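Trainee: coords below, sequence missing:
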């Protein structure tokens, strides 16, 4: 059975972490499958948006501690982090859809998405310090960028668990929805994204990343000098809008 499933729905690719009996705890094998899916998505122009979610009771309980204890063998140093970076740099919007547990390594995975949609049941936390571990999948870089450095320090130092409402309050989650409405909300937002230009999505992702840590003046200069112009679908989109206005 595949540890990461892919399902395509009219331009939307849904990647599902699929070890529900182990609360989708993350292993080298899961990352290998996730990496293969991500690399395939780079080449698949039929897909305009990606959702990453978990099967069963939760998104993921985090890094499989049994794998850590056994001294998991990875292809190279930094391989997990490199895999998440590949996902983060996909030229398509990536949504992390989180319900239930999302702890430590799982939170690092979710942070590599463009934004997080959380069900009310979602629980977040960084427990590296609880297990005498330090992050190597990107927590120290992505969490403070998302919530601010002081909040990131508090969460990392205390190993505090917190719910979806708090995740939204601190800026970790963009949207919180009741569990009964979770699937519909994910699909609705994905369809809103798919209705817009894939050219713009790819260009905007590159622009936002390139200027994220710059001061305002250098960021504006970067935007002017590196703007990718208009997409091949611009005329068709404007024409369709104008035609709709005439009818």
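Mentor: Structure's in. What do you need? Computed from a prediction, not measured in an experiment: that's the story for all the values here.
Trainee: going forward, measure contacts between C-alpha atoms and count neighbours the same way
Mentor: Noted.
Trainee: centre-most residue in the protein?
Mentor: The residue lying closest to the centre of the chain (CA atoms, centre = their mean) is residue 113, at 1.5 Å.
Trainee: how close does residue 57 sit to residue 100?
Mentor: 6 Å (CA to CA, to the nearest Å).
Trainee: between these two, which one's more packed in?
Mentor: residue 100 (23 against 16; other CA atoms under 10 Å).
Trainee: so which strand or helix has residue 96?
Mentor: In the assignment (DSSP states H and E), residue 96 maps to strand 94-98.
Trainee: what does residue 244 give?
Mentor: Assigned by DSSP H and E, residue 244 falls within helix 234-246.
Trainee: so for that helix, mean pLDDT?
Mentor: For helix 234-246, mean pLDDT is 67.
Trainee: next, residue 66: phi, psi?
Mentor: phi -60, psi -40 (degrees, to the nearest 10).
Trainee: from residue 161, how far out is it?
Mentor: 22 Å.
Trainee: quick one: the strands in this protein?
Mentor: Taking DSSP state E as the criterion, the chain contains strands spanning 4-9, 12-17, 49-54, 94-98, 101-103, 115-119, 123-125, 162-163, 175-177.
Trainee: which neighbouring elements make contact with the shortest one?
Mentor: Packed against strand 162-163 by the contact rule (3 or more CA pairs under 8 Å, 6 or more residues apart in numbering; DSSP states H and E) you find strand 123-125.
Trainee: of residue 66 and residue 161, who's got more company?
Mentor: Comparing residue 66 with residue 161 by neighbour count (other CA under 10 Å), the higher total belongs to residue 161, at 15 against 11.
Trainee: with adjacent residues omitted, what lies nearest to the more buried one?
Mentor: Spatially, and ignoring its direct neighbours in sequence, residue 161 is nearest to residue 125 (4.6 Å; CA to CA, 6 or more residues apart in numbering).
Trainee: cool, and residue 39?
Mentor: residue 86 (7.7 Å).
Trainee: for that neighbour, give its distance to residue 80.
Mentor: 10 Å.
Trainee: neighbour count winner among the two?
Mentor: Taking other CA under 10 Å, residue 86 and residue 80 do not tie; residue 80 has more neighbours (20 against 15).
Trainee: I'd say that one and residue 137 touch.
Mentor: Yes. Counting by CA atoms under 8 Å, residue 137 is a contact partner of residue 80 at 6.0 Å.
Trainee: hmm, residue 55 and residue 101 touching each other?
Mentor: No. The pair formed by residue 101 and residue 55 falls short of the contact definition of CA under 8 Å, at 11.5 Å.
Trainee: now the helices for the chain?
Mentor: Per DSSP state H, the chain carries helices over the ranges 28-43, 65-69, 79-88, 105-111, 139-147, 149-158, 164-169, 182-194, 198-211, 216-226, 234-246.
Trainee: of those, which is nearest residue 50?
Mentor: helix 182-194 (8.0 Å; CA to CA).
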